[in-house]
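Peer 1: sequence? don't have it. structure:
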DNA sequence: ACAATTTCTTAAACTAGTTTAAGGGTTAAA
DNA sequence: TTTAACCCTTAAACTAGTTTAAGAAATTGT
């Protein structure tokens, strides 16, 4: 629980009341590698804080291929906002790629915090704004750079994740096939 | 000003105090076709509500090509959240593609509303969540469909914009060249 | 420690989308 | 009402990235 309190210090720090209100509503869970915390068709019920481990969020296209939208590691939040808010079936899978520990808060509890402790409205507004920025940069990059450049900047931006993830997953994140990533890597290596 | 009040009715409706606090902080501006309300390198100063007209938000790659991230028409919001929040130079251009009318609120005034009228924290949280969902769906689609499919679904999703925009702009939004869009269109027509 | 599964690489044939070029059509401003 | 700027289309040559296939290497569960 310490981690998540420290996490909020980066935004508007919580007072004791707010800390208490938050912590009694968080449920800790352990998640195994390859275990799903959300599957396509489910209605997403939780906003989730990752204490340790790593998750991938992906969609599956009509030919069955997976496309990684994002990775989420320690001290970051994950959910399907679309499904959580609109209470409609998710189009996404969220799967642990390492043994992980999470803190989850249900939609009802989160709504309770929003209406009774306005600071949560503020903090989650900023958290989501940060995620919006991340996504916008990713989209811009996807349109305006080659796969080679995207791989370079992935390595720079997530030096930490690059070691922990199989190349198949990175390829899916970059929007290319693992075979082509392999080619990029061998070109890179010969320099 | 009526429009924007009605707009908030879709979220948590504003009471008279809040309406007043908002409207005295909004500045109305007319913007000509091809006029910028944000240019690369600028620090974005406003959160903007589009009363009428239409804007494109795009980035320019190292070879000078434009890539449209999104279009924003009536009764929608536009800004560069990244630049506005972090006060760093924007990577984006926001340009009117029709003569337009906007209501702008400065960062300082918006922050004032956030801290003194918590309902704005709430409402803007939800507005940004909706924009996040939009962007996420767009990214997923970009990865998992062909240009042909993307064009089809653009026509479905924005029947309204399809007539108002030149094909060059649509191509840039779809992430393809105008020449290839032209090919897609002629294939479509021959069916 | 072993068997099973997943992952990585290479290479050849292929394809979706780009580039370059050129002609004709439309819009907008002087 | 002419000129400039932009827009749309077609077509041929090209290229970034895919597909298919197959073998070797690394991880993982038991």
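Peer 2: Structure received. Quick caveat: nothing in here was measured; it's all calculated off a predicted structure.
Peer 1: Just want the most central residue of chain A.
Peer 2: The structure's chain A has its C-alpha centroid closest to residue A:72; by C-alpha atoms, centre = their mean the separation is 3.4 Å.
Peer 1: Not counting its own residues, what contacts stretch A:137-154?
Peer 2: With contact meaning C-beta atoms under 8 Å, 6 or more residues apart in numbering or on different chains, stretch A:137-154 is reached by A:70, A:162, A:170, A:173-176, A:180-181, A:184-185, A:187-188, B:59, B:61-62, B:65, B:67, B:69, B:82, B:91, B:135, B:138-139, B:142-143, B:175. Just so you know, the C-beta spots here come from the backbone N, C-alpha and C atoms, and that holds for glycine as well.
Peer 1: Buried subset of the residues you listed, written for PyMOL?
Peer 2: To isolate the buried ones among the contacts of stretch A:137-154 in PyMOL, judged by 16 or more other C-beta atoms under 10 Å in any protein chain shown, type:
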select buried, (chain A and resi 70+170+173+174+175+176+181+184) or (chain B and resi 59+67+69+82+135+138+139+142+143+175)
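Peer 1: show me which of the contacts of stretch A:137-154 neighbour DNA strand D.
Peer 2: Filtering these for proximity to DNA strand D by C-beta under 7 Å from any atom of the strand leaves A:175, A:176, A:180.
Peer 1: Looking at those, spot the one nearest residue B:32.
Peer 2: residue A:175 (37.3 Å; C-beta to C-beta).
Peer 1: List the contacts of the closest one.
Peer 2: A:67, A:142, A:147, A:150, B:142, B:143.
Peer 1: Residue A:88 too?
Peer 2: Here residue A:88 is in contact with A:43, A:82 (C-beta under 8 Å, 6+ apart).
Peer 1: helix/strand/coil for it?
Peer 2: coil (DSSP: H, G, I helix; E, B strand; the rest coil).
Peer 1: re the thing from before, with pLDDT as added columns, please give the contacts of residue A:175 in a markdown table.
Peer 2: Shown next, in a markdown table, are the contacts of residue A:175 (pLDDT from 0 to 100):
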| residue | pLDDT |
| --- | --- |
| A:67 | 95 |
| A:142 | 95 |
| A:147 | 97 |
| A:150 | 97 |
| B:142 | 95 |
| B:143 | 94 |
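Peer 1: Going by distance to residue B:110, which of those wins?
Peer 2: residue A:142 (29.8 Å).
Peer 1: Doesn't that closest one lie inside a helix?
Peer 2: Yes. Under three-state DSSP, residue A:142 sits within a helix.
Peer 1: re the thing from before, the residue nearest to the centre of chain A contacts residue A:58, correct?
Peer 2: No. The pair residue A:72 and residue A:58 does not pass the contact test of C-beta atoms under 8 Å, sitting 11.7 Å apart.
Peer 1: which residues in chain A form strands?
Peer 2: Applying DSSP state E to chain A gives strands spanning A:27-31, A:36-38, A:46-52, A:55-60, A:66-72, A:76-78, A:93-96, A:100-106.
Peer 1: Export those as TSV, with columns for distance to residue B:129.
Peer 2: Listed next are these as TSV, based on distance: least, C-beta to C-beta, whole Å:
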stretch	distance to residue B:129
strand A:27-31	23
strand A:36-38	17
strand A:46-52	11
strand A:55-60	16
strand A:66-72	16
strand A:76-78	13
strand A:93-96	17
strand A:100-106	16
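Peer 1: Out of the ones you listed, which is closest to residue A:11?
Peer 2: Closest among the strands of chain A, once you apply C-beta to C-beta, is strand A:76-78, at 11.6 Å.
Peer 1: and chain A, which of its residues are near DNA strand D?
Peer 2: Close to DNA strand D, as judged by C-beta under 7 Å from any atom of the strand, chain A has residues A:33, A:146, A:147, A:148, A:175, A:176, A:177, A:179, A:180, A:183.
Peer 1: What parts of chain A come near chain B?
Peer 2: With C-beta under 8 Å from any C-beta of the partner chain as the criterion, chain A comes near chain B at residues A:59, A:61-62, A:65, A:67, A:69, A:81-82, A:85, A:91, A:114, A:118, A:121-122, A:124-126, A:128-129, A:131-133, A:135-140, A:142-145, A:175.
Peer 1: just for chain A, where's the confidence low?
Peer 2: A:191 (pLDDT under 70).
Peer 1: DNA strand C contacts on that one?
Peer 2: Going by C-beta under 7 Å from any atom of the strand, the residues of chain A near DNA strand C are A:166, A:167, A:168, A:169, A:178, A:179, A:181, A:182, A:183, A:185, A:186.
Peer 1: mind running it again at 10 Å?
Peer 2: A:34, A:97, A:143, A:146, A:165-171, A:177-190 (C-beta under 10 Å from any atom of the strand).
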